[in-house]
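Q: What follows is a protein structure lacking sequence information:
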């Protein structure tokens, strides 16, 4: 009787491990498929991450400046995550790997749009 309970526990643990592995691999595949879209990759890079110093609250627009099969330059404007939520503009240099997944190679802050707006009114 004790052996039956022991084998049931082992089977239950094995099933849980298999389910977790399937969930993680499915999530990874879905995320990789989404990252084949350049705007999704840029938005994920700019709106997530705990230590991202260029983190945005949201992305207002994207403007593709240059693109070939492996590299792209993307201009992005959005609202900063930090208070007082200024509107900022960044230039993203992105690369596509052999799997077709876009990643950010370099980020260059272009300007703070609020300071530009103040200079125009003066």
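A: Right, received. Where do you want to start? Quick caveat, the model's predicted, so the values are computed rather than measured. Numbers count the residues shown, from 1 in each chain.

Q: Could I get the contacting residues of the most centrally placed residue in the chain?
A: In the chain, the C-alpha nearest the mean C-alpha coordinate belongs to residue 44, at 1.9 Å (Cα atoms, centre = their mean). Neighbouring residues of residue 44 by Cβ atoms under 8 Å, 6 or more residues apart in numbering: residue 35. C-beta: built from backbone N, CA, C; applies to glycine.

Q: in which helix or strand would I find residue 57?
A: In the assignment (DSSP states H and E), residue 57 maps to strand 56-67.

Q: In that strand, which residues are buried?
A: 56, 59 (16 or more other Cβ atoms under 10 Å).

Q: re earlier: average model confidence for whichever helix or strand the residue nearest to the centre of the chain is part of?
A: Following DSSP H and E, one finds residue 44 within helix 38-47. Mean pLDDT, helix 38-47: 90.

Q: Pull out the buried positions in it.
A: Here helix 38-47 shows 38, 41, 42, 43, 44, 45, 46 as buried, counting by 16+ other Cβ under 10 Å.

Q: so the third one makes contact with residue 75?
A: No. The pair residue 42 and residue 75 fails to qualify as a contact (Cβ atoms under 8 Å) at a distance of 10.0 Å.
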